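> Okay, predicted coordinates and the sequence, questions at the end:
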Amino acid sequence: MRDLTLEKYRNETYLDFTDKETVRRQKEAIDRIRNDFGREHKLYINGEFVEGDQEPFESRNPSATDDVIGTFASASREQAFRALDHAWEAFETWQYRPARERAGYLFKAADIIRQRRLEINAWMISEAGKNFLEADADTCEAIDFLEYYAYEALRLDEGMGVIDSKGDHNKTIYIPMGAGVSISPWNFPFAIFTGMAMAPVVAGNTIIAKPAPDTPKMGYLLTEILHEAGLPKGVFNYVTGDDIEVGDHLARHEKTRFISFTGSKAVGLHLNKIAADTGENQKFLKRIISEMGGKNAVVVDRDAELERAVDAIVTSGYGYQGQKCSAGSRIIAHSDIHDELLERVTERVNQLEVGNARDNYDLGPVINQKAMDKIMEYIQLGKEKHQLIAGGDTADTPDEGYYIQPTIFSGVEVGDRIAQEEIFGPVIAFMKGESTEELIRIANSTRYGLTGAYHSRDPQKIEMALRKFNVGNLYINRGCTGSLVGAQPFGGFNMSGDDAKAGGRDYLLHFLLPKSMTVSPDDEIDVDLRFFRYADGSEAERSKSNNGIEQHLEFSGE
């Protein structure tokens, strides 16, 4: 069978916001969705929109906190558990749906997102405080996840390649695990929510998806889209509410088969402990897939192209206000070029403008008051111990929001807190090294291992960095953010997570179980394993379950 992923899959192209007409259309979309601000939103359980049992909560615009994006239902623990029961009920039939049918729902959802793209961007700009390009990149990545995982489900439906032995006929297939929980973050509120929920679904599992409390609207939009696409009831459930009442208790439940998490190190480690604790009646070992942040470095060696490095530092450090787990918050420069690089970066940073995301400023707000307080505590710590080069305060804007100036510190040493702890804001720390070896040693000095960038024009130094710079995603002569689905599978190790590689060829395997089957030949028993698949059952059933998929795949040669 042909390699469907690499042959058919293409990344979605970003909109060009240097084009005035595109900007105008995006601004019009922002104005339109403001008419729906304040609307009430329900839970989505077993294919129905239902009220929550607990007191609802508000989502507010971090650019202008008087704006109420919407009111969202809060589920009780009992409602969350009912959603889990419905997910297991749906699993009984969903696990046997042909892979082509499951993939078809994802392709349909991707097409609906394309049709609603500017609207989705507008909600993200308003609820998450992203500028136009950051929002559109998030929406594009959601499309990418849907299509890439759909193709991957088709590829994995062929099973694992095995050989026959001693006359036996052997086949190894991948079977889904059951009903699980996804707990997603606010910083990529549409893309990561979509990818974390739909990867297990297209593999044949069912899901309860809990969005971050700061960005529930983005999860609700996907819920609407999946409902429109006709996804069978109970396969996907959208449950909002308290992190403990919903998230923690669902993670602990004996019937939760897997936990998919993206967020902070502290919460990730907490969920790892929960997953390891088997309940008295639990039939399985819980699987956890976790991504827990980073303290990423942009390393600039003495022979680097400095202007290119400056671009990488500013983009990596201040894109979406530094609120990316991949953000480049440490700048480790060779002492010979450190001062010049610092001067150039400072000049560029002083030109950045901060303001309301709806006006497409370079930097918008951070997500909430708690985040703002935490970042300002780190900035105060930096002022006490290091040299403040730029920023260092809240930003004055006409709007009441969570605005912080892009900030630079220099004179930072390896063991300093702002060199070791994830700040998750628009703060970068400059550090020095005397050799390529020392630069890389400093880069590897944290507990994290997510992303990194190395800048040099010397092939031997680049080869050293490729071998010794220990991160899950390493980039040479570019920034350390902006991975693309299918091109740069994303994930890190150490305290950055289990390196599950979202958007990569191994990712769906985290939601599948290999099942090896052997039939010993017998003249009176005719079992042909060549066409046995856990979903399709037979070629005849397979041909009946296209679900409109042919318009996407063009299987003329299969």
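Great, that's in hand.

> ranges for the strands of the stretch 351-500 of the chain?
For the stretch 351-500 of the chain, the strands defined by DSSP state E, counting those that start in this stretch occupy 387-390, 407-410, 427-433, 451-455, 473-476.

> Can I get the ones you listed in a markdown table including mean neighbour count, mean pLDDT and distance to Q321?
Yep, even glycine has a C-beta here, placed from its N, CA and C like the rest. Converted to a markdown table, the strands of the stretch 351-500 of the chain look like this (neighbours: other Cβ atoms under 10 Å; pLDDT from 0 to 100; distance: least, Cβ to Cβ, whole Å):
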| stretch | mean neighbour count | mean pLDDT | distance to Q321 |
| --- | --- | --- | --- |
| strand 387-390 | 17 | 98 | 15 |
| strand 407-410 | 25 | 98 | 11 |
| strand 427-433 | 24 | 98 | 10 |
| strand 451-455 | 30 | 98 | 17 |
| strand 473-476 | 19 | 98 | 20 |
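
> Could you dump these into TSV and include distance to Q54?
Listed next are these as TSV, based on distance: least, Cβ to Cβ, whole Å:
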stretch	distance to Q54
strand 387-390	44
strand 407-410	38
strand 427-433	36
strand 451-455	38
strand 473-476	39
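
> of all these, which lies closest to G178?
strand 473-476 (30.4 Å; Cβ to Cβ).

> partners of the closest one, with directions?
Strand 473-476 sits in its sheet next to strand 451-455 (parallel), going by DSSP bridges.

> Run the chain-centre distance for the partner strand.
When distances are taken as Cα atoms, centre = their mean, to the nearest Å, strand 451-455 is centred 20 Å away from the chain's centroid.

> Next: stretch 510-525.
Relative to its chain's centre, stretch 510-525 lies at 35 Å (Cα atoms, centre = their mean).

> Which residues belonging to it are considered buried?
By neighbour count with 16 or more other Cβ atoms under 10 Å, stretch 510-525 contains the buried residues H510, F511, L512, V519.

> which ones are touching the closest residue to R257 other than its chain neighbours?
For R257, ignoring the flanking residues on the chain, the nearest one in space by Cβ to Cβ, 6 or more residues apart in numbering is G178 at 3.6 Å. If you count contacts by Cβ atoms under 8 Å, 6 or more residues apart in numbering, G178 has them with W88, F91, N205, T206, R257, F258, F284.

> farthest pair in the residues you listed?
Farthest pair in the contacts of G178, by Cβ to Cβ: T206 and F284, 15.1 Å.

> And the two? Which one has more around it.
T206 (28 against 14; other Cβ atoms under 10 Å).

> so that one touches E92, yeah?
No: using Cβ atoms under 8 Å, T206 is not in contact with E92; the gap is 9.5 Å.

> overlap in contacts of those two?
Counting by Cβ under 8 Å, 6+ apart, T206 and E92 have no shared contacts at all.

> mind putting the contacts of G178 in CSV, distance to L250 included?
Shown next, in CSV, are those (distance: Cβ to Cβ, whole Å):
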residue, distance to L250
W88, 13
F91, 16
N205, 15
T206, 13
R257, 11
F258, 11
F284, 16
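
> Filter these down to the buried ones.
F91, N205, T206, R257, F258.

> Helices - which of those residues land there?
F91 (DSSP state H).

> Show me the buried residues of stretch 510-525 that map onto helices.
Using DSSP H, none of these sit in helices.

> Give me the mean pLDDT for the helix or strand L146 falls within.
In the assignment (DSSP states H and E), L146 maps to helix 132-156. For helix 132-156, mean pLDDT is 97.

> going forward, begin numbering at 42 instead of 1
That works, and once the first residue is 42, the last one we named lands at helix 173-197.

> May I see the buried residues of that helix?
Buried, per 16+ other Cβ under 10 Å, within helix 173-197: 173-197.

> Please apply the same query to stretch 52-65.
N52, E53, L56.

> Report the contact partners of V453.
R371, H427, I459, A460, A470, F471, M472.

> hmm, which two among the residues you listed are most spread apart?
Most distant of the contacts of V453, by Cβ to Cβ, are R371 and H427, 12.6 Å apart.

> Who has more neighbours out of these two?
R371 (26 against 19).

> tell me which element the more buried one is part of?
Under the criterion of DSSP H and E, R371 resides in strand 369-375.

> Packing partners of that strand?
strand 337-341, helix 347-359, helix 379-390, strand 468-474, helix 477-484 (3 or more Cβ pairs under 8 Å, 6 or more residues apart in numbering; DSSP states H and E).

> May I see the ones you listed arranged in JSON lines, with distance to D499 as well?
What follows is the helices and strands packed on strand 369-375, written out as JSON lines (distance: least, Cβ to Cβ, whole Å):
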{"stretch": "strand 337-341", "distance to D499": "13"}
{"stretch": "helix 347-359", "distance to D499": "14"}
{"stretch": "helix 379-390", "distance to D499": "17"}
{"stretch": "strand 468-474", "distance to D499": "15"}
{"stretch": "helix 477-484", "distance to D499": "8"}
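
> Quick one: closest of those to N87.
strand 337-341 (40.9 Å).

> Quick check: beta-bridge partners of the closest residue to F299 other than its chain neighbours?
Leaving aside its sequence neighbours, F299 sits nearest to G221 (Cβ to Cβ, 6+ apart; 3.7 Å). G221 has these beta-bridge partners by DSSP bridges: I248.

> Contacts only, for G221.
P241, N246, T247, I248, I249, T297, R298, F299, I300, S301, F552.

> at 7 Å what do you get?
P241, N246, I248, T297, R298, F299, I300, S301 (Cβ atoms under 7 Å, 6 or more residues apart in numbering).

> Next, C521: phi, psi?
When read as degrees, to the nearest 10, the backbone of C521 gives phi -100, psi 10.

> quick one: contacts for it?
Counted by Cβ under 7 Å, 6+ apart, C521 has contacts N337, V339, S357, S367, G369, T492, G493, A494.

> again, but for I315
So I315 contacts A292, R293 (Cβ under 7 Å, 6+ apart).

> How many residues are close by the residue nearest to M413 when sequence neighbours are not counted?
Nearest residue to M413, sequence neighbours excluded (Cβ to Cβ, 6+ apart): Y443, at 4.4 Å. Residues lying near Y443 (other Cβ under 10 Å) number 23.

> Hmm, Y443 is touching P103, no?
Yes: contact status for Y443 versus P103: in contact at 5.1 Å, counting by Cβ atoms under 7 Å.

> which neighbours do these two share?
P406, V407, I408, N409.

> Quick test: name the residue nearest the centre of this structure.
Central residue of the chain (Cα atoms, centre = their mean): I233, 3.2 Å from the mean position.

> do you know how far it is from E332?
I233 is 9 Å from E332, where distance means Cβ to Cβ, to the nearest Å.
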